[in-house]
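**Student:** I would like to see how this sequence folds:
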Amino acid sequence: MPAKHDINKIGVESSDFPILCETCLGPNPYVRMSKQEFGNECKICNRPFTVFRWNPGAGARYKKTEVCNTCAKIKGVCQTCLLDLEYGLPVQVRDAALGRKAQAPTSDINKQYYIQNLEAQMADSPDGQTFDSEVANRAGREMLKGLARSDPFYKRNRPHICSFFVKGDCKRGGECPFRHEIPKEGELSKQNMVDRYYGKNDPVAKKMLRESAESKGMKAPDDKSITTLLFLGLPQTTESEVRAALVAYCPFVKPIEIKSITIVEASHCAFINFKLRSLAERVAEALSAQGGIEVGGKKAKVVWGRSRPQKGKPATTAITDSSEASGSGTVAITSESA
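**Tutor:** Residues are numbered from 1 along each chain as shown. Okay, the predicted model is just below:
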């Protein structure tokens, strides 16, 4: 149980058992752990907490808890790898599929107040856990089950790469406890623990969401000037209803970031134009993970807009049949509206 402390002080946290996923714990059922009271600061709330350290198995590196017990419970993640405990996936992937909203503040003072309030809620909760509210979405859960691994990924417990080998100066040879490999530079090599916890700018999650969207025919167009998404098969609706549904399914979208919403009643569709291409891509990935968007009690399909024609050249695409727009197939849209 966390120690009682004043809300204006940082305080500490003491725990008897860590919250770990099966992969980080390792295959050994008799794993031995060392426990150090207030051994380090939590990477999220900056409070001293109980640090556990252990070896997951033969050929693996020693691992330790990186965040406190309370922060792990708030997000439902492992204290070491910060992956979701139920699916073993990044927080950003889980939140995008389930429509969860990150509510935690980032400033130090508000963060401490927020953590202590949630500690009080967990003390009153029967199971001792609390999570952010989520949208009940069967399609999102099915998507998460499809991405989740069926077996633990123990390869993740391998030793780190030897920095001396990278410099060409390792003299320990086969006795070196670290891996003798050249690191691969790229998007996945730049990971941040705080971003992974809050589900923001996680390169691993971005890659998984992008590949999932592309597998469902939602590949982002090469033309970076396209920032429009098209909702197909809408019932009779209004701009405010479309905007409310979008914010409900994508809580990270701020109203000011939406440039315009145009509804075409004859074709049962709506054009959502965003100010930034990066936001349009994130919304497309989130809605693809959730299987579309529900507006007015009806599920609508989401597709990308088309590029505008060059000057002097007529538009080559158009909506020709309103029944096609309300169906499940992809519909061509007017370049003027895109």
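**Student:** Only C-alpha atoms from now on, for both contacts and neighbour counts.
**Tutor:** Noted.
**Student:** What about S240? Give its phi and psi, please.
**Tutor:** The phi/psi pair for S240 (degrees, to the nearest 10) reads phi -60, psi -40.
**Student:** Could you do R53 as well?
**Tutor:** Phi and psi for R53, reported as degrees, to the nearest 10, are phi -140, psi 140.
**Student:** do T262 as well
**Tutor:** Torsion angles at T262 (phi, psi; degrees, to the nearest 10) stand at phi -120, psi 120.
**Student:** show me what contacts it?
**Tutor:** E239, A270, F271, I272 (C-alpha atoms under 8 Å, 6 or more residues apart in numbering).
**Student:** ditto for E181
**Tutor:** E181 neighbours (C-alpha under 8 Å, 6+ apart): I161, C162, F165, V166.
**Student:** how about a cut-off of 10 Å?
**Tutor:** H160, I161, C162, S163, F165, V166 (C-alpha atoms under 10 Å, 6 or more residues apart in numbering).
**Student:** got it, and Q92?
**Tutor:** 83-84, 98, 100, 102, 195-206, 208-209, 286.
**Student:** Distance of it relative to E214?
**Tutor:** 17 Å (C-alpha to C-alpha, to the nearest Å).
**Student:** swap in V93?
**Tutor:** For V93 relative to E214 (C-alpha to C-alpha), the value is 15 Å.
**Student:** the more surrounded of those two?
**Tutor:** V93 (27 against 14; other C-alpha atoms under 10 Å).
**Student:** ok, now which ones touch the residue lying closest to R61 once chain neighbours are set aside?
**Tutor:** In this structure, R61 finds its nearest non-sequential neighbour in P159, 4.7 Å apart by C-alpha to C-alpha, 6 or more residues apart in numbering. By C-alpha under 10 Å, 6+ apart, the contact list for P159 reads G59, A60, R61, Y62, K63, P177, F178, R179, H180.
**Student:** F178 versus P159, what's the distance?
**Tutor:** As judged by C-alpha to C-alpha, P159 and F178 stand 5 Å apart.
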